[in-house]
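Trainee: this is a predicted model, with the sequence first.
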Amino acid sequence: MNDNHLRIESDEELVERLRMGGQPELFDELIHRHLEKTRSMIYGIVLNHHDADDLVQEVFVRAYRGISRFRQKAKFSTWLYRIAVNTSRSFLKKRGRFVPVENEHIERHGIGGCGTHPLQSREKLDQIGAALAALSPSLRAAIVLTAIEGHGIAAAADIEGCAQATMYWRIHKARKILKSSLKEVLEQ
C-alpha cells in the first residue's frame, strides 16, 4: 500500500492542491476540519444562532472564492478565522449595535460561574450575554478569541490583523468593561 495514500494532508497542502486545479471536494475537507470552530467563533461575536449559520456559509463561500489569493504567509486557519471575524464585524456594522443575545454559547463554555438554581442561572446568563453584546465588535472579538475560543494573544492578533499590543489593550479594555457591568453578578 502506498504511504502517500494513508497520509493526512495539512490544510496548507490541501489549499495548494486546490489552487493547482484540484477538485472542489478538497475544499469540503477544509470545511469539515474548520466548521465547528468557525461557527463557534462567529456565534461568540454575533450572539445569535440564525445569524451565525448564515455567516458561516458566507465565510466559506468567501474563502473558496478567495483561495487563489491565500499566500500561506499565515496558517490557513488564521486566514479563515480572519475572514470569519471580518464578516461578523461587517454584519454587525450593517445591522447596528443591538445584538439579540442567546445564552447557549455562554452556558456551553461555562462562563460566569452560574449557580445551580435555574432562575438564578438564567438571570446571570442574561446579564453576561447583555454585557458581551454591549461590547464593541473589536472588544467582543478579542474576548471571544482568547477567553472563549482559547487562542493565544499572538494567534488572536494574527486573526484580527492587529499588533499583539493592540490585542492586549483590547482584552484589558473588554475585561474592564465586563468587570464593571457585571459587578453584581461577580459578587454573588
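Mentor: Right, received. Where do you want to start? Bear in mind that the values here come from a model prediction, so they are computed numbers and not experimental data.
Trainee: ok, now how distant is Arg62 from Phe76?
Mentor: Shown here: Arg62 relative to Phe76, a distance of 14 Å by CB to CB, to the nearest Å. Yep, even glycine has a C-beta here, placed from its N, CA and C like the rest.
Trainee: low pLDDT regions in the protein?
Mentor: Within the chain, the stretches falling below the threshold (pLDDT under 70) are 1-7, 97-121, 186, 188.
Trainee: after the longest helix along it comes which helix or strand?
Mentor: Looking only at the chain and at elements set by DSSP state H, the helix with the highest residue count is helix 25-46. Moving toward the C-terminus from helix 25-46, the first helix or strand encountered (DSSP states H and E) is helix 49-66.
Trainee: in that following helix, what's buried?
Mentor: When neighbours are counted by 16 or more other CB atoms under 10 Å, the buried residues of helix 49-66 are found to be Asp51, Ala52, Leu55, Val56, Glu58, Val59, Phe60, Ala63.
Trainee: show me what it is packed up against.
Mentor: Under the contact definition 3 or more CB pairs under 8 Å, 6 or more residues apart in numbering; DSSP states H and E, helix 49-66 sits against helix 25-46, helix 76-95.
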